[in-house]
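Undergrad: Just the structure for this:
(one chain, ligands or ions: 2)
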Amino acid sequence: MSLFPIFLKLTNRPCLVVGAGSIAEGKIQSLLDAEAQITVIATRASAKVQQQAEAGEITLHLREFQDSDLDDMYLAVAGSDVPEVNRAVFAGAQSRDILVNAVDDPPYCDFFFPSIVRRGDLQIAISTAGESPAYAMQLRKALNEALPHDIGPWLEELGRLRREVLQMEPLGEPRKQLLHQLAQREVCGAEACPSRQIAKRHAREHYPERNPAEVSR
Ligand SMILES: C[C@@]1(CC(=O)O)C2=NC(=C\c3[nH]c(c(CCC(=O)O)c3CC(=O)O)Cc3[nH]c(c(CC(=O)O)c3CCC(=O)O)/C=C3\N/C(=C\2)[C@@H](CCC(=O)O)[C@]3(C)CC(=O)O)/[C@H]1CCC(=O)O
Ligand SMILES: NC(=O)c1ccc[n+]([C@@H]2O[C@H](COP(=O)([O-])OP(=O)(O)OC[C@H]3O[C@@H](n4cnc5c(N)ncnc54)[C@H](O)[C@@H]3O)[C@@H](O)[C@H]2O)c1
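TA: Numbering: from 1, shown residues only. Ligands and ions are numbered 1, 2, ... in the order given. Just a heads-up that it's a prediction; the model follows:
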């Protein structure tokens, strides 16, 4: 199977989850992490999902799924324990061109949930195209062990410095080389940060007309 890997923006997008048991819980949490606007339809809900509803993080309707629940949705997850219900969600989503995942039911999925290693804005998503979810999970654990835990804040600082470089230098080979150099270094928020000083010196040397010494001193 040849899957297309993308990182989707879901902020404020209406997403439907059918089911509110232990399996749906994980999908709801992934969608919450992506700041989606989530509606959950379930005949009964776990304590965690009820708490999320009470906290206003999601909208919960305690009733059976009906086809019109899919109206105006962007993405749907069928996570009930009744295959017929999950397949009705799939059929309704297909007829509206809504992306749908029926949990653990590959023929009824437009997309699969990957295993995720996360450090702030860094995300590594692992898929085996359904060949072995167990292997995806083991690889996730191994990568999680191997990656330093403080990459998130470092990446945030690196992103800030990169945006400064983009202001100081136009697109081109020198800028690309500099950004590769900076991506291998410590970065901090201070003006005196050695990486920031390297970036400023580089900009003055390569683009003096854009970065006169007195401006960047
Ligand atoms: C990655 C992860 C994400 C998540 O679920 O969020 C995920 N499954 C995880 C774990 C896991 N799932 C299963 C086991 C038991 C061991 C085993 O079967 O291998 C374990 C391991 C465990 O639990 O220990 C059982 C299982 N899973 C599927 C089937 C149906 C089938 O194969 O036909 C069956 C048999 C059900 C049955 O027998 O009844 C199908 C799918 N599972 C997927 C995702 C999609 C493909 C992902 C990929 O591209 O590889 C896909 C196709 C559809 C989907 O659900 O999106 C998550 C790990 C999260 C983490 O890292 O912690
Ligand atoms: N729990 C596991 O470890 C596990 C592992 C692999 C696969 N699964 C599969 O995942 C599915 C969900 O598992 P679970 O443990 O979350 O089940 P669960 O029993 O905890 O939850 C099922 C949810 O589906 C809802 N539901 C049932 N009929 C509905 C309807 N008509 N409309 C709306 N909601 C409805 C229930 O209200 C409940 O919230 C099952 O098919 C199960 O076989 C579960």
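Undergrad: what does the protein put close to ligand 1?
TA: Taking CB under 6 Å from any ligand atom as the criterion, the neighbours of ligand 1 within the chain are 26, 101, 103-104, 106, 109, 112-115, 127-130, 132-134, 136-137, 140. C-beta: built from backbone N, CA, C; applies to glycine.
Undergrad: how about a cut-off of 8 Å?
TA: Neighbours of ligand 1 within the chain, by CB under 8 Å from any ligand atom: 3, 23, 26-27, 30, 101-106, 109, 111-116, 126-137, 140-141.
Undergrad: Buried ones from those residues, can you make that a ChimeraX selection?
TA: Of those, the buried ones go into a single ChimeraX selection, burial set by 16 or more other CB atoms under 10 Å:
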select :23,27,101,102,103,109,111,112,113,114,115,126,127,128,133,136,140
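Undergrad: What about the residues of the chain next to ligand 1, which are in helices?
TA: Secondary structure assignment by DSSP state H places 23, 26, 27, 30, 133, 134, 135, 136, 137, 140, 141 of these in helices.
Undergrad: check contacts around the fifth one.
TA: Going back to what we said before, that points to residue 133. Under the criterion of CB atoms under 8 Å, 6 or more residues apart in numbering, the contact list for residue 133 reads residue 115.
Undergrad: ok, it to ligand 2 distance?
TA: If you measure residue 133 against ligand 2 using CB to the nearest ligand atom, to the nearest Å, the figure is 9 Å.
Undergrad: Likewise for the second one?
TA: Shown here: residue 26 relative to ligand 2, a distance of 9 Å by CB to the nearest ligand atom.
Undergrad: Distance-wise, check that residue relative to residue 19.
TA: Going from residue 26 to residue 19 by CB to CB, to the nearest Å gives 11 Å.
Undergrad: do the same with the third one
TA: Between residue 27 and residue 19 the distance is 9 Å, computed by CB to CB.
Undergrad: Check the contact between residue 213 and residue 207; I expect there is one.
TA: No - Residue 213 is beyond contact range of residue 207, at 11.9 Å (criterion: CB atoms under 8 Å).
Undergrad: In what element of secondary structure is residue 186 found?
TA: Here residue 186 is covered by no helix or strand, with elements defined by DSSP states H and E.
Undergrad: tally of neighbours for it?
TA: A total of 11 residues lie near residue 186 under the criterion other CB atoms under 10 Å.
Undergrad: now the helices: where do they sit in the protein?
TA: Listed in chain order (using DSSP H), the helices of the chain are 22-33, 47-54, 83-95, 133-146, 151-168, 173-182, 194-206, 213-216.
Undergrad: Compare those helices and report which one is nearest to residue 72.
TA: Residue 72 lies closest to helix 83-95 among those, at 12.1 Å (CB to CB).
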